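here's my sequence, what's the structure:
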Amino acid sequence: MKIIEVTPLQEFRLFLRFEEGSAGVVDLASYAGRGVFAAWLQPGLFAAVSITEAGALEWPGEIDLCPDALYLQLTGKSPEDLFSNKQGVLAHA
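Presented below is the predicted three-dimensional model:
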């Protein structure tokens, strides 16, 4: 899933729109202040979010979030719903 629109909101929330049309607000407050996300507590940093060419979110300082995880949080779908067409496919590195 690719994110095509992001708008930072107050209290560590983001409005997101995905390429397939799903849109809404995700609450990331539980991440703020933890690990690399402690950087979000710096004034203005959370609002400096941008979208990568791959459709993921990133912030200054090499902080990023997976668009698939955000899609699952936004839609309430399970990983099986999102990746059902990949079940049974083996990959070797």
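
contacts and neighbour counts: CA atoms only from here.
Fine.

gap between the lowest-mean-pLDDT helix or strand in the chain and the chain center?
Here the helix or strand of the chain ranked lowest by mean pLDDT, DSSP states H and E is helix 79-83, holding a mean of 81. Centroid displacement of helix 79-83 relative to its chain, using C-alpha atoms, centre = their mean, to the nearest Å, is 16 Å.

which stretches in the protein count as strands?
All strands of the chain, identified by DSSP state E, fall at 3-9, 13-18, 23-27, 50-51, 57-59, 63-65.

tell me what the least confident helix or strand of the chain is packed against?
If contacts are counted by 3 or more C-alpha pairs under 8 Å, 6 or more residues apart in numbering; DSSP states H and E, helix 79-83 sits against no helix or strand.

at 10 Å instead, please
With contacts taken as 3 or more C-alpha pairs under 10 Å, 6 or more residues apart in numbering; DSSP states H and E, helix 79-83 sits against helix 67-75.

any weak-confidence spans in the chain?
Judged by pLDDT under 70, the chain has its weakly predicted residues at 85-93.

ok, residue 53 - contacts?
2, 3, 4 (C-alpha atoms under 10 Å, 6 or more residues apart in numbering).

nearest to residue 78 among those?
Residue 78 has its nearest neighbour among the contacts of residue 53 in residue 2, at 16.9 Å by C-alpha to C-alpha.

that closest one contacts residue 66, doesn't it?
Yes. Residue 2 lies in contact with residue 66 (C-alpha atoms under 10 Å); the separation is 9.5 Å.
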